[in-house]
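Q: all I have is the shape, not the residue letters:
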């Protein structure tokens with residue numbers, strides 16, 4: 001489940017368009033949100049969206065849940081790479 005706070009005017013516009021597209025039934029907003037997220041992911045994966053901020057901080061944030069030292073991580077990545085190449 002994703003919860004987000006957005007501008008009220010943006011929310012109103014989104015709700016109106018979502019209901020026009022998916023109807024005035026239960027689940028219309030959820031379908032529109034899923035479609036929007038899928039499109040954003042697709043654009044990001046194709047490199048059509050640029051990311052803001054320091055890339056080192058981004059990587060640090062991505063790796064923040066990993067409880068492993070850098071040397072251990074390098075060895076693990078080497079092992080994964082080697083097993084992929086062998087296959």
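A: That came through fine. The structure presented is a predicted model; accordingly, all values stated were derived computationally and were not measured. Residues are numbered from 1 along each chain as shown.

Q: okay, the residue nearest the centre of the chain and residue 16: tell me how far apart.
A: The residue lying closest to the centre of the chain (Cα atoms, centre = their mean) is residue 41, at 6.0 Å. Separation of residue 41 from residue 16 (Cβ to Cβ, to the nearest Å): 24 Å. To be clear about C-beta, it is placed using only N, CA and C from the backbone, and glycine gets the same treatment.

Q: and what of residue 39?
A: Distance from residue 39 to residue 16, by Cβ to Cβ: 18 Å.

Q: now residue 56
A: 41 Å.

Q: cool, residue 8 as well?
A: From residue 8 over to residue 16 (counting by Cβ to Cβ), the distance is 13 Å.

Q: one more: residue 36?
A: Using Cβ to Cβ, we find residue 36 at a distance of 14 Å from residue 16.

Q: what's the lowest-mean-pLDDT helix or strand in the chain in contact with?
A: Counting by mean pLDDT, DSSP states H and E, the weakest-scoring helix or strand in the chain turns out to be helix 55-62, with a mean of 77. The contact list for helix 55-62, computed with Cβ atoms under 8 Å, 6 or more residues apart in numbering, reads residue 51.
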